[in-house]
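Engineer: My questions are about this predicted structure, shown below with the sequence.
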Amino acid sequence: MWTKSYRLFPFLWVLLLFVVVWPVDAQRNHSFTVVIDAGHGGHDAGTVANGLREKDVNLAVALRVGRLIKSRHPDVKVLYTRDKDNFVTLMGRAEFANKNNADLFISIHANSQERGSGAYGTETFVMGQERNNKNMAVVQRENSVILMEKDYKTVYKGFDPRSTESYIMFELIQNVHQDQSIRLAQQIQKRFVSKGRHDRGVKLGNLAVLVFSAMPSVLVELGFVSNPAEAQYLKSEAGRDELASAIAQGFTRYKEDYDRRSGRTPVPRPAEDDNSASETTPDVSAQEDTAATAEQPERVTPQTNTAKPAAKPQTRTSRAAKITYKIQIFTSKTKLKAGDKQLKGYKVTTEQRGKRFAYLTGSASSEAEARKLQRKVRKHFPDAFIVVYEGGKRTREIY
């Protein structure tokens, strides 16, 4: 197996050496640099649906994120892989970040559902291998941009973004910057939730643009252009402002933690409009902001039906807390009245999460019972998912 991999992907062995021996000293004596990467561009429109081109959404939000970071962090150098509608190769994006000794790489994209149009919400990818078919579909779609490059067979030397076998070698280098990447991804997802966006979680994926970047890196999926309602949000100035603000706020939390860990004195920044004081913490990052000072971030593992370990040892009281399962069918900006046609006849309870209202139906005492109910509800709401309550408090989600 290893002999075959070595022959197929010699460029990855070079990459492995490059990432592992990346000179730390080169990063110590320069200003903190973040590279903002607007995905796709030029002849590569990305996903096109509902009157939207992904490349336009990505660029609009990326430029906003950069402006917000500059205004809040005068000590940070902000660079863009593109600031206009032009095509940049995946390798070119990563090389740009590497040559500029970037401390952080944030790639911005919009999502799409291959079949149907009900999927919605935000998710953030970090470098890593996850045996999950849905995640792999996203990874392969984003990496397929390689096939648009004229000399991709020469540059990537045998790597085929359509072949799952091509991703085997990436497992060797996934942990070099993974912990820091997860910290940033968790903070970004928390800010999305605080603004009422649906949280699809922090996920692992061997996206080429992250693999080739020799620094902590994340790829943010802003929402689904394939979903008509979410496409309208992505098209709106208010929606783009809100998404950019969430990413910039996530960066701020990461930077504050970075400064503490490196012994730097943070540069005072202007106050920002932040709803974090009243936000609901998403499943993927169950720790509060103060947990960023802990030695290790929460580990991201393939999503299963098993609950994550609690941040603190459980007491007898917490173990005895009653567990209830409900099915969330969708969210809306304005609160719907009972009997609204959008509810399709379901009796629901309403829960305000950030700036949106979530609608939940049913009640089960076991996960098995909840999954039966979920299958029934998904006939009318394909993206319905399970919400777990412990002692009356929402604790996690099961998709």
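Structural biologist: Cool, the structure landed.
Engineer: which regions of the stretch 251-399 of the chain lie under the pLDDT threshold?
Structural biologist: 265-320, 399 (pLDDT under 70).
Engineer: Recalculate using a threshold of 80.
Structural biologist: 262-321, 354-355, 382-383, 396-399 (pLDDT under 80).
Engineer: all strands for it, in order.
Structural biologist: Secondary structure of the stretch 251-399 of the chain by DSSP state E, counting those that start in this stretch: the strands cover 323-332, 349-353, 356-364, 385-390, 393-398.
Engineer: would TSV of these with mean neighbour count and distance to residue 198 be doable?
Structural biologist: Using the backbone N, CA and C atoms, a C-beta is placed for each residue, glycine as well. Shown next, in TSV, are these (neighbours: other Cβ atoms under 10 Å; distance: least, Cβ to Cβ, whole Å):
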stretch	mean neighbour count	distance to residue 198
strand 323-332	20	6
strand 349-353	14	9
strand 356-364	19	8
strand 385-390	19	9
strand 393-398	16	10
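Engineer: Could you dump those into JSON lines with distance to residue 373 added?
Structural biologist: Shown next, in JSON lines, are those (distance: least, Cβ to Cβ, whole Å):
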{"stretch": "strand 323-332", "distance to residue 373": "6"}
{"stretch": "strand 349-353", "distance to residue 373": "14"}
{"stretch": "strand 356-364", "distance to residue 373": "5"}
{"stretch": "strand 385-390", "distance to residue 373": "8"}
{"stretch": "strand 393-398", "distance to residue 373": "12"}
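Engineer: quick one, which of those is nearest to residue 107?
Structural biologist: strand 393-398 (24.9 Å; Cβ to Cβ).
Engineer: Let me see the ranges of the helices in the stretch 251-399 of the chain.
Structural biologist: 316-319, 367-377 (DSSP state H, counting those that start in this stretch).
Engineer: Next, the buried residues of stretch 112-128.
Structural biologist: 112-113, 117-128 (16 or more other Cβ atoms under 10 Å).
Engineer: do stretch 373-380 as well
Structural biologist: Quick answer for stretch 373-380 (16+ other Cβ under 10 Å): 373-374, 377.
Engineer: could these go into CSV alongside distance to residue 95?
Structural biologist: Listed next are these as CSV, based on distance: Cβ to Cβ, whole Å:
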residue, distance to residue 95
373, 50
374, 45
377, 47
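Engineer: So residue 73 sits against residue 255, correct?
Structural biologist: Yes - at 6.5 Å, residue 73 and residue 255 qualify as touching, with contact defined as Cβ atoms under 8 Å.
Engineer: any common contacting residues for those two?
Structural biologist: residue 32 (Cβ atoms under 8 Å, 6 or more residues apart in numbering).
Engineer: Quick check: which of the strands of the stretch 251-399 of the chain is nearest to residue 82?
Structural biologist: Closest approach to residue 82 among the strands of the stretch 251-399 of the chain (Cβ to Cβ): strand 356-364, 31.7 Å.
Engineer: between the closest one and helix 367-377, how many degrees?
Structural biologist: 120 degrees (axes from the mean of the first three to the mean of the last three Cα atoms, to 10 degrees).
Engineer: From the contact counts, what lies against strand 356-364?
Structural biologist: Contacts defined by 3 or more Cβ pairs under 8 Å, 6 or more residues apart in numbering; DSSP states H and E place strand 356-364 against strand 323-332, strand 349-353, helix 367-377.
Engineer: Tell me the helices and strands packed up against the second one.
Structural biologist: Right, strand 349-353. strand 356-364.
Engineer: The strand it packs on pairs with which strands?
Structural biologist: Note on strand 356-364: by DSSP bridges, its sheet partners are strand 323-332 (antiparallel), strand 349-353 (antiparallel).
Engineer: quick one: which of the helices of the stretch 251-399 of the chain is nearest residue 84?
Structural biologist: Per Cβ to Cβ, nearest to residue 84 of the helices of the stretch 251-399 of the chain: helix 367-377, 44.7 Å.
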